[in-house]
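*Asks:* pasting the sequence and the predicted coordinates here, then a few questions.
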Amino acid sequence: MPRPVSEGSRLRAGVATIAGGPAAYLSVGSGGIPVLLLHGFAGDRLTWQFNLSALSTGRRAVAVDLPGHGGSTCDVGSGRVSDFAPWLVAFLDALEMPRVHLVGHSMGGYVARELALRVPERVVSLTLLSSAGLGTPFDLGFLRRVVAPADMAEGKACAEHLFARRSPLVPRVGEVLHAQGADPVRRAALQRIIEASFAEYADGGPVVDWNRYPMPIQILWGREDRIIPLPPADRLPSGVPFHVFDAAGHLPHIEAASPVTAAIRAFLNRCDSPSP
C-alpha cells in the first residue's frame, strides 16, 4: 500500500468560503487538468490519502469534504445529495478550476453524476468507484448504524464491515465513526442525508440514463463489497471500462490503493489526450 500523502508531497489544506457554507479540502500538485475526488457517506477528504500523491503527477489533485462531512459546512439543506452539485460548482469557481476530471466513491459517485449532468462542459471524465445511485440495492441498516454507533466497539464493528480483510486501519476508522456520531450536529446532518437521499432507494432505484453523459466514464468496484454489491451488467453504460478488484470491499481505493490509483491515472491520461 502506498504511503499516505505528506507535507513532502506539497500537500495544501484549505477552506474555501463559498455560497452554501465553507468547503474544506486538500490539494496536491499543479498544472494539467485537475482531478476532483469526492468521498463516500460518513467519510471525508482523508479517505483519499493513499491516492492523492500519485494522482497529482502532472496535474492538481483536490479532495473536498462534502456538506455534512469533515470540516465543511454542516448545512445539508434538504438532505438530497443531488443538491450538493451547485455547492460544488461554487467550490470549483473558488479554486479557479474551470474543467476537472471527477472521481466519486459511493455517495460521492452519486454526487459526481449529478455534477456531470448539471455542468457537463466542466467535466472531462467521470470515474465511479463503488458508486451509489446506479440502481442496485445497498445496506440501509448499515448506514443508519454507522452514523450513530453506541460505543467504540460498535464503531469498530462498522469499520470492519467496510473492509474485505483485516486492516490495521479499522481501529482508527472506528474511532472516527464513534466521534462523529457523538457530535449531535454532524449526526443530525448525516441522518437527514440518509432519509432524504437513500431510504427511498434501498432496494434499487431508477435506471440511469447513460445517454445523458457525454464524457468518458469508467467504473471500479471491490469484489467483496458488502455495502453496495457489484451491479449487474445491464445497469452499467455499454462499453465502458469496468474494473473489479479482488480482496477489496467497499473501500477499494484503500485496500487496493496501488492498482486502483493506477487504473484512475491511466484513464485520466487517456482522457487528457483523446484519440482524434
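*Replies:* Yep, it's here. Everything numeric here is computed off the predicted structure, so don't read it as measured data.
*Asks:* which helix runs longest in the chain?
*Replies:* In the chain, with assignment by DSSP state H, the single longest helix is helix 257-272.
*Asks:* for that one, packing partners?
*Replies:* Where contact means 3 or more Cβ pairs under 8 Å, 6 or more residues apart in numbering; DSSP states H and E, helix 257-272 is packed against helix 52-55, strand 100-105, strand 123-129, strand 217-222, strand 242-245, helix 252-255. The C-beta positions use only the backbone N, C-alpha and C, and glycine is treated the same way.
*Asks:* buried residues, it. List them.
*Replies:* Across helix 257-272, burial judged by 16 or more other Cβ atoms under 10 Å covers Ala257, Val260, Thr261, Ala263, Ile264, Arg265, Phe267, Leu268, Cys271.
*Asks:* excluding its backbone neighbours, what's nearest the last one?
*Replies:* When you say that, I think you mean Cys271. Of all residues not flanking Cys271 in the chain, Ser125 sits nearest, at 4.0 Å (Cβ to Cβ, 6 or more residues apart in numbering).
*Asks:* residues near the one you found, how many?
*Replies:* Counted with other Cβ atoms under 10 Å, residues neighbouring Ser125 total 22.
*Asks:* show me where the chain has helices.
*Replies:* Under DSSP H, the chain gives helices at 52-55, 84-94, 107-118, 140-146, 152-162, 170-182, 184-193, 252-255, 257-272.
*Asks:* so where is the protein shaky, pLDDT-wise?
*Replies:* In the predicted model of the chain, residues 1-9, 274-276 satisfy pLDDT under 70.
*Asks:* repeat that for 90
*Replies:* 1-11, 133-140, 199-207, 232-234, 273-276 (pLDDT under 90).
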